[in-house]
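S.K.: Sequence first, predicted model second:
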Amino acid sequence: MRFTSTRNKKLNVGFEQAIRDCMPEDGGLYVPAEVNDLRRWILFTNEKTTYASVAGALTLACVNEEFSPIICEAIAAQAFPYEPKLSKLDKGLYTLELFHGPTGWHRDFGVSYLIEALENILLMKDTNAVILDVNASALAASLANALRGKKRIKAVLLFPKNSVKGLSAEDFIWNGGNLFPIEIDGNIEDCNKIVKDIFSDHKNVENFNLTVANTANIGRLFPQAFFYPFAFSRLKREVTGNIYYAMPPGNFSNVTAGLYSWKIAMPVSGFILPATDALTVDPAGRCVMLDALVPVNERGKTDPSCLSNLERLEEIFSANTALMHNLVYAAKITDDDTVFAAKELFMKYHLYADKNTASAYAAALKQKGATYQDNGTLVLVVNDHPSLDADFIRRCTGENLQMPENVAASVRPANIGKPLIRSSSEVLSIARDVSKGFTAESF
């Protein structure tokens, strides 16, 4: 598989360049330039096919020009000692739980794969890389876990003032770990601006081997496409009708990755999401992207630290915008709709649904009949451990949900014992030292 940019179809790069130099200079995002039809392979999977096997086979099929079969299998096996869980709630209704990684957040899957792929590339090339990013939700915990024991990757991670969490002292570079947390004297917007400023000068990327660990990096987004073939391997013997996935919108990474799965011929009839300001419905109820009204060459550069995947979603349907109306279904929902959905999931199935999961189910309820019929199958995607939204669950169900220790650790405050940082130049200086040092003694 080769990769091109959402803003320059003449650009054609390999997987290595796309994940190491992850932001095209034209201001767009890397997307697959072409895809392979993997229908035969997908149809041979079954409920005994492990998630690591799915990931290894898809990696081999997509990047076989750069990685040997042994490397592809090694990346997948090392990245995924855990897997999602598909559960049947009722006839035609399933959940796909993505919180069974080490921290209880769905991003464990994408981060772990990115780090394993990048580490293998760097070992083969005998070089290093520095991840420069902003902590969003529990990226820090997922990243720290994935980086343990790695020799070629360090991370510089920015936190707003008084918000460092999810880290252990052993993870810090100055203690022999691989992560340099920086507490910024400001808010999340200040952190994003610093990362954007540093990446805006491509010489910084080249000189210090900088990349990011959010879904701006195609190496972080790509593995999210594995969720759907894995789910299908469990569904294929149980269902015969159309399959729809309902999910919260987030930054549109899961629906974009799901559509990449559809492009490699995975059987799916559509994706259902709650409408947002950016992805909404027209008067006829059809899904529309308002950003598409502005040509890509008239937009500002993509922000590497504060990303929406809408531009990638738009690119998928650039040749046939009408196709989107038959694959992506948005529904306008209210807070009352979300609460009703959460209560129904609890009363009928004793499922604790966080607000995001409940909103996705509410959207599916709105679409039932118009989009999928009673003989269809709905898979409700559950991103993160429900205990992370315990207050919402308590309001909807009256139940107090206990948080497992691994999930609690991902949000536990941490003290790094370093002064506050205020400027891009200070952060760049640290990234420079991390790039050159790669030893604990340097800090």
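M.R.: Thanks, I have the structure now. A quick note: this is a predicted structure, and the numbers were derived from the prediction, not measured.
S.K.: Quick one: list the elements packing against the lengthiest strand in the chain.
M.R.: Using DSSP state E to define each element, the chain has its longest strand at strand 153-160. Packing contacts for strand 153-160, counted by 3 or more C-beta pairs under 8 Å, 6 or more residues apart in numbering; DSSP states H and E, involve helix 107-125, strand 129-134, helix 139-147, strand 179-184, helix 188-200, helix 424-437. Bear in mind the C-beta positions are built from the backbone N, C-alpha and C, glycine included.
S.K.: Return the distance of the longest one from the chain's centre.
M.R.: Counting by C-alpha atoms, centre = their mean, to the nearest Å, helix 107-125 is centred 14 Å from the centre of its parent chain.
S.K.: Alpha carbons of it, as CSV, please.
M.R.: Coordinates of the C-alpha atoms in helix 107-125 are reproduced here as CSV (Å, rounded to 0.1, in the frame of the first residue of the first chain):
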residue,chain,number,x,y,z
ARG,A,107,-6.6,4.2,22.0
ASP,A,108,-4.5,1.4,23.5
PHE,A,109,-4.9,-0.5,20.2
GLY,A,110,-3.8,2.3,17.9
VAL,A,111,-1.0,3.5,20.1
SER,A,112,0.4,0.0,20.6
TYR,A,113,0.5,-0.8,16.9
LEU,A,114,2.0,2.6,16.0
ILE,A,115,4.8,2.1,18.5
GLU,A,116,5.6,-1.5,17.5
ALA,A,117,5.6,-0.6,13.8
LEU,A,118,7.7,2.4,14.3
GLU,A,119,10.2,0.6,16.6
ASN,A,120,10.7,-2.1,14.0
ILE,A,121,11.2,0.4,11.2
LEU,A,122,13.7,2.4,13.3
LEU,A,123,15.6,-0.8,14.2
MET,A,124,15.9,-1.7,10.5
LYS,A,125,17.0,1.8,9.6
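S.K.: What segments of the stretch 1-150 of the chain are helices?
M.R.: 15-20, 39-44, 51-63, 69-79, 107-125, 139-147 (DSSP state H, counting those that start in this stretch).
S.K.: go on, the stretch 151-300 of the chain?
M.R.: Going by DSSP H, counting those that start in this stretch, the stretch 151-300 of the chain shows helices at 188-200, 202-208, 218-221, 227-235, 253-263.
S.K.: one step back: would you reformat the helices and strands packed on strand 153-160 as CSV and include mean pLDDT, mean neighbour count and distance to residue 209?
M.R.: Output for the helices and strands packed on strand 153-160, formatted as CSV (pLDDT from 0 to 100; neighbours: other C-beta atoms under 10 Å; distance: least, C-beta to C-beta, whole Å):
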stretch, mean pLDDT, mean neighbour count, distance to residue 209
helix 107-125, 98, 23, 9
strand 129-134, 98, 26, 5
helix 139-147, 97, 26, 15
strand 179-184, 98, 23, 14
helix 188-200, 97, 19, 13
helix 424-437, 95, 17, 6
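S.K.: Adding distance to residue 13, write these out as CSV.
M.R.: Shown next, in CSV, are those (distance: least, C-beta to C-beta, whole Å):
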stretch, distance to residue 13
helix 107-125, 13
strand 129-134, 16
helix 139-147, 24
strand 179-184, 28
helix 188-200, 17
helix 424-437, 22
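S.K.: Perfect, that will be all.
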